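[1] Need coordinates for the following:
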Amino acid sequence: MDNKPSETYEIIEVCLLAGKIMLESGAETYRVEDTMGRIAASYGIKGAHSYVTPTGIFFSIDGTEPTKLIRIVNRTTDLYKVTLVNSISRKISTGKVSVSEAYRQLKKIQLGKLTYSMFVQVSAASLASGCFLIMFEGGWNDFLPALITGGVGFTSLLYFHRLVEIKFFAEFLASLIIGLFSFLFVMVGLGQELDKIIIGSVMPLVPGLLITNAVRDLMAGHLVSGLSKGAEAFLTAFAIGAGIAIVLSFL
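    Now for the predicted structure:
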């Protein structure tokens, strides 16, 4: 169908907003590009082109409209938002949602606080730390120390990330605290195997989603995004390892 200039502009805004929410919430690059293309095609725009990197989105269409760029600064993991955007995209494909309504719903998703509370996140990280310790063949005597250490470490990560914008330092300090708490538990006799406690406690900090997305982007042919996410995952792993190494070096 033929789109008026104002309507075309609204469609572009919908595509960019959908892509921004997905990319900020941890979606893969190829999934973001595919969703933006499907939305544009559903509203009758042919020849839409998008180029997505972890730090920005370029979008243009064949015609007189200029290419638009959105800068991505903050990236986190919120797969529920990705699911909601995909749901809206499917509704758009079936013609059930108008352009203005789609933009309103996407804006609501962007502004919504859909993540779990800090208490739930810390509780889940604590329980996961204890379970990872058992999975790595640790003893049940170390379950409670790993549970406490993992919870303290994850709390430290959230706290330091609010104080320092650079995520590397927050992860480094969180792993340093995990190493110190693990050593204290072993020193006072409440823990037995220092290595198992540390391994279980740092698992909530491991960038599993980043590594997965990096591999999937590389397999899909998005080399720039894949290498960028791989480098980000490497920096996170280096920060975790450096914090633990400093503690162990003083033992």
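[2] Which elements pack onto the longest helix seen in the chain?
    Ranked by number of residues, the top helix in the chain under DSSP state H is helix 223-249. Contacts defined by 3 or more C-beta pairs under 8 Å, 6 or more residues apart in numbering; DSSP states H and E place helix 223-249 against strand 48-53, helix 167-187, helix 194-202, helix 208-219. Yep, even glycine has a C-beta here, placed from its N, CA and C like the rest.
[3] okay, the ones you listed, which one's buried deepest?
    Among the helices and strands packed on helix 223-249, the stretch with the highest mean neighbour count (mean count of other C-beta atoms under 10 Å) is helix 194-202, at a mean of 25.
[4] Report the distance from stretch 195-212 to the chain centre.
    Between the centre of stretch 195-212 and the centre of its host chain there is 15 Å, according to C-alpha atoms, centre = their mean, to the nearest Å.
[5] Output it as CSV, restricted to C-alpha atoms.
    The C-alpha trace of stretch 195-212 is given here as CSV (Å, rounded to 0.1, in the frame of the first residue of the first chain):
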residue,chain,number,x,y,z
ASP,A,195,37.6,-23.7,45.1
LYS,A,196,34.1,-25.2,45.0
ILE,A,197,32.6,-22.4,47.0
ILE,A,198,34.2,-19.8,44.7
ILE,A,199,33.1,-21.6,41.6
GLY,A,200,29.5,-21.9,42.7
SER,A,201,29.3,-18.3,44.0
VAL,A,202,30.6,-16.7,40.8
MET,A,203,28.3,-18.5,38.5
PRO,A,204,25.5,-15.9,38.7
LEU,A,205,28.1,-13.4,37.4
VAL,A,206,29.1,-15.5,34.4
PRO,A,207,28.0,-13.8,31.1
GLY,A,208,26.1,-16.9,29.7
LEU,A,209,23.6,-15.0,27.6
LEU,A,210,26.4,-12.8,26.1
ILE,A,211,28.4,-15.9,25.1
THR,A,212,25.3,-17.6,23.6
